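J.: 3D model of this:
(chains A and B)
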Amino acid sequence: MHEISMTVNGSVVQASVEPRTHLADFLRDDLLLTGTHLGCEQGVCGACTILVDGRPVRSCLTFACGCDGADIRTIEGLNDDPLMKQIQNAFCENHGLQCGYCTPGMLATAYDIVRRLPDIDDQQVRKELSGNLCRCTGYAGIVAAIRQVLDSGPENASVTPITRESTRFSELPKIEKKNPITEITVQGHPESLDISPEEITGVNLDKEVILELSNEKLWEIISDLPTVASCIPGMSLESVGDDGSVIGRLTIAVGPIKASFSGKGIVNFNPANTSGQLYGAGTDRLTRSKILASLSFNIEHFEENCSKLSLHVIYDIRGPLSQFGRKALVEEIADSLLKDITRSIVAKASGTEHKIPENRSFKVLPFMGTVLKSLIMRLFRQKKF
Amino acid sequence: MKPVSFDYSVPENSLAVVEHLKNAQGTAKIVAGNQSLGPMLNLRLVRTNALIDVGLLAEVRKCVVNQDNVFIGAGITHAEIEDGDVQDPTNGWMREAAGNIAYRAVRSRGTIGGSLCHADPAADWLIVLTGLKAFAIVQGLSSNRKLPVENFITGPFTNDLKEDEILMGVEVPKPSATAKWGYWKFMRQVGEFAKASAVIYHDEHKQITRCAIGALGRQPLLLHNPEKIFDGTLTPANAIKESLPDRDFAEMTMHVTAIERALSIARNRSEPGK
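T.: Purely as a prediction, here's the structure:
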């Protein structure tokens, strides 16, 4: 627990809070100031916007323990503020609210707009309002309300930005032998695979890579699932079924994000034209995210002693992780991962080990992992033949 | 939608920060504005044993105006840059860029150093500071170092900081009075992460020309032959093909247009302060 002292709506509040309690929860649950609304809790919707040290902030992305010494002003604390009164009246007159859920955040933002930017046009009002979502009234009434306040001359604001300095310092408790959180292992069985590859839709990714290996040798490695799996950083195979199904896990770290996908897939190999397909689904219980993916691959001869591996991937990430599954990012990670994998495969073929640099930004990539998993699955099935 | 439990500390100075980091052995994270880390913590995409709050740390909240450059502390917020509360070495270019980061409520708390360290490939400061040829000032337990911003960011969401180092701030060189600058980013909606972005910086007096593209998935890419891009002898399309031969060119059309618009801004405006 962490001791804090702050001014909330003009009154000094002292409390002991858990570090992970964000300001909105503290205000609502501990101080019963439920005028602050919570929508998304990830900084997108703006419903929880309040004034901290006179500036609009997301109270869901502000920890209560970080507000020691702060001046907090919620909607309840602006009842007697002439500017807020004027804005509220304008909202009423212009149908600037309907259900009222976004309204406290809209009012805090509107307060900041009219105080900071008295000369802006409607286009700029809309730009400044872009961080607050309204799902019923629409924005026309809200913009009209702000316009009315600007045109009639805003009243003086009683709350203005101030700069706060730290006055109370604290140490970290002695680190006990806690396991690093990144090493949490995920237990449990992967969910059963009840999809067909045709049902997997989403982002398409095409990759080609040239390997200094004959296509026969590359096929030999790729069609041996355990060998291919060992070339994929973060990949581990748990079991290979008689039906071409594979169960495995892929652990990925991209910057601060860690995910460990546990999943199942089906591999089909087509030795006649050295191609194959892998599809599957995986779940990461740490981030409660799911991935569906299919991977088609094809090996061709490319110049002397070289081969070309072509990959076509379709992936669909669902859950919290999907917000970070931007295609450009996935592509970059895929490229880097592919480099490591191809080096490993080439090294394996020549009987040496390719050591993957430990300090890599991405040890394995979830999306690519699925792809690789698919590959592996294919390999397994090939072995069955 | 709540973070996992963690310890929290407010160190008194930067030395205490690096000591905390060292003691934590990789299980603690530095936090300032919490505008990028916060959503990830709330969504539990990131789990940490401890947060070290440097949001109010005096050493990273300062700004020092030198003869040729300005040091901007890592803890200076986007809003403070937007509002001109700290001196903008570029006489307005940085203020303008700051004003278009996310939303005002995010800019109130998000910091320039936090944005750099977080290293989201689509973030504004990554490409803007790369374009301006700025330096990252890093403090470790026993020594300090200074490195170009393009070397500080090593990949998506990845920086060059060691386990016991902290970014103290950025050193932004002052452009000459006749320097030209253009920055353009495509967003599907105001405040969202850029889909494509580009900067062009041409300082004839200092003999610096830089052109970078961002939102690639990796760190911003400085294009080859920026002088030719600026003087028009190399088209943006060919410049991208030259610097990124492996990329499917069809996917780079937004970046081509971003460069064209940045060029147009730089040529038609853009002496510092205009």
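
J.: can you list the domains in chain B?
T.: As given by automatic domain parsing, the domain ranges for chain B are B:7-52, B:60-173, B:180-268.

J.: Show me how far the second one is from its chain's centre.
T.: On the basis of C-alpha atoms, centre = their mean, to the nearest Å, domain B:60-173 is displaced by 5 Å from the centre of the chain it belongs to.

J.: got it, and the last one?
T.: With C-alpha atoms, centre = their mean as the basis, domain B:180-268 stands 16 Å off its chain's centre.

J.: give me every residue that touches the closest residue to chain B within the stretch 151-300 of chain A.
T.: For the stretch 151-300 of chain A, the residue closest to chain B is A:G255, as judged by C-beta to the nearest C-beta, at 2.3 Å. Every residue, glycine included, has its C-beta placed from N, CA and C. A:G255 makes contacts with A:361, B:118-119, B:155-158, as judged by C-beta atoms under 8 Å, 6 or more residues apart in numbering or on different chains.

J.: mind listing which of these are in helices?
T.: Per DSSP state H, helices hold the following members of these: B:H118.

J.: Regarding the closest residue to B:V128 other than its chain neighbours, what is its secondary structure?
T.: Using C-beta to C-beta, 6 or more residues apart in numbering or on different chains and skipping residues adjacent in sequence, the residue nearest B:V128 is B:A97, 4.8 Å away. Assigned state for B:A97: helix (three-state reduction, DSSP: H, G, I helix; E, B strand; the rest coil).

J.: Can you pull the residues of the stretch 51-200 of chain B lying near chain A?
T.: B:51-53, B:55-58, B:79, B:102-106, B:108-109, B:118-119, B:121-122, B:154-158, B:189-191, B:193 (C-beta under 8 Å from any C-beta of the partner chain).

J.: Now the buried members of the residues you listed.
T.: For these, a burial check counting by 16 or more other C-beta atoms under 10 Å in any protein chain shown picks out B:51-53, B:55-57, B:79, B:102-106, B:108-109, B:118-119, B:121-122, B:154-158, B:191, B:193.

J.: residues touching the residue of the stretch 1-150 of chain B found nearest chain A, list them.
T.: Minimum separation of the stretch 1-150 of chain B from chain A (C-beta to the nearest C-beta) falls at B:Y103, amounting to 2.6 Å. Shown in contact with B:Y103 (C-beta under 8 Å, 6+ apart): A:46, A:130-132, B:191.

J.: Leaving out the residues flanking it, which one is nearest to residue 77?
T.: Since you didn't name a chain, this refers to chain A. A:N9 (2.8 Å).

J.: please go with chain B instead
T.: B:T111 (5.4 Å).

J.: The one you found is in contact with B:G75, isn't it?
T.: Yes - counting by C-beta atoms under 8 Å, B:G75 is a contact partner of B:T111 at 5.2 Å.

J.: Name the residues contacting each of those two.
T.: Common neighbours of B:T111 and B:G75 (C-beta under 8 Å, 6+ apart) are B:32, B:55.

J.: Neighbour count: the two, which is higher?
T.: B:T111 (33 against 24; other C-beta atoms under 10 Å in any protein chain shown).

J.: Low-confidence regions, chain B specifically.
T.: B:270-274 (pLDDT under 70).

J.: what ranges do the helices span in it?
T.: B:14-24, B:37-42, B:78-82, B:93-99, B:104-107, B:112-118, B:124-131, B:149-152, B:226-231, B:236-243, B:253-268.

J.: helices or strands up against the third one?
T.: Read it as helix B:78-82. Counting contacts by 3 or more C-beta pairs under 8 Å, 6 or more residues apart in numbering or on different chains; DSSP states H and E, helix B:78-82 is packed against helix B:93-99, helix B:104-107, helix B:112-118.
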